[in-house]
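In: 3D model of this:
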Amino acid sequence: MIKKIFKWAGALVLLIVICISAVVPFRQNLKYEAPFPDLKASKDTTIIARGKSLVLGAAHCADCHSNANVDSLLESGADVPLAGGFKFGLPVGDIYSRNITPDSLTGIGKRTDQELARVLRYGVHANGTAVYEFMPFHNMTDEDLVSVISYLRSLKPVRNEVPENSLNVVGNMVKAFMIKPVGPDGEVPKSIKKDTSAAYGKYLAVSVANCRGCHTVRDLSGNYTGEPFAGGAAFDEKDGTFIPPNLTPHFTGRIWQWSQEAFVARFRTGKVLAGTPMPWNSFKRMSDDELKAIYNYLQTIKPVNNATAATFIPKQDKE
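Out: Numbering: from 1, shown residues only. This is a model prediction of the structure:
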């Protein structure tokens, strides 16, 4: 009897696998509906400057959308060519960042302002397919979204054909059944007061700088599964594994008992460990007020008991 049960169970599992395998190819390019925000790029130098401060600072676009020596360029204050091509070697396959310079053939020059705004706010490409959940800008204010698009429009076009993404079997299944557009949490404000308040800090940490995205455990589809800002997610890099620390105001947290001055000073130091996924040199360009606001917000969130023994484990220590 038991042999028969295992036999039929095995047959059922095989049937399910065959059915899923047959469906997956037809779900690779699902189309979704999403509105086109009525936003237009500006040539106003103040608006462009705000966009530049976001793109090269808090939003750290340069860390993903460039294959150049980003750290050196950011350290020197030079402009970073945002021509894409950076490869993310992930468990689901190889994902390449896109060219976001205004080149008409290989960049965003072929897209309208409204199409760009829809990608950033609703996670839907111009062709209706879903965007991978790498950019947390769904709740970015209208004012800042216009600033970012305006800055990108002001860049020198760079002709760079980026390779198509290459997903493995797991990646194709994740794309088929788990990847869906992510939109704003509610009505998006037109603007926000830029000061050192916890409210502005929350906006930066959650909607711009993606502190929550890396310091919270997530699944393969990008959905949050851990306590917000409690750390613990593992990032496997060439030299070892980086583990974002707990940022909540619990005694097991990394910044527990840090003063506001110490918090700002750590960011001014910049990158210490080579290969870290933390965009230190982009964040180093943030203003003191922006960093103070983030610090003030982190003091208000729920304390979570989650000690991370180490934030970096060298590859040889894992072997």
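
In: residue 54 touches residue 147, doesn't it?
Out: Yes: A contact is recorded between residue 54 and residue 147 when judged using Cβ atoms under 8 Å, the distance being 6.3 Å. The way it works is simple: take the backbone N, C-alpha and C, and place the C-beta from them, glycine included.

In: going by residue numbers, what spans are strands in the stretch 1-150 of the chain?
Out: Per DSSP state E, counting those that start in this stretch, the stretch 1-150 of the chain carries strands over the ranges 87-90, 93-96.

In: partners of the last one, with directions?
Out: Strand pairing for strand 93-96, determined by DSSP bridges: strand 87-90 (antiparallel), strand 166-167 (antiparallel).

In: can you put those strands in CSV and add mean neighbour count and distance to residue 204?
Out: Listed next are these as CSV, based on neighbours: other Cβ atoms under 10 Å; distance: least, Cβ to Cβ, whole Å:
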stretch, mean neighbour count, distance to residue 204
strand 87-90, 14, 24
strand 166-167, 15, 32
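
In: as CSV, those with distance to residue 108 would be great.
Out: What follows is the strands paired with strand 93-96, written out as CSV (distance: least, Cβ to Cβ, whole Å):
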stretch, distance to residue 108
strand 87-90, 20
strand 166-167, 22
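
In: tally of neighbours for residue 177?
Out: Burial of residue 177, expressed as a neighbour count using other Cβ atoms under 10 Å, amounts to 14.

In: could you chop the chain up by domain?
Out: Following the assignment in automatic domain parsing, the chain carries domains at 31-185, 192-319.

In: got JSON lines for those domains, with mean pLDDT too?
Out: Conversion of these to JSON lines gives the following (pLDDT from 0 to 100):
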{"stretch": "domain 31-185", "mean pLDDT": "92"}
{"stretch": "domain 192-319", "mean pLDDT": "92"}
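
In: show me what contacts residue 129?
Out: If you count contacts by Cβ atoms under 8 Å, 6 or more residues apart in numbering, residue 129 has them with 29-32.

In: closest to residue 168 among these?
Out: residue 29 (17.4 Å; Cβ to Cβ).

In: what sits against residue 158?
Out: 81-83, 99, 101, 103, 106-107.

In: may I ask which of these has the most neighbours?
Out: Note: the member of the contacts of residue 158 with the most neighbours is residue 82, at 28 neighbours, neighbours being other Cβ under 10 Å.
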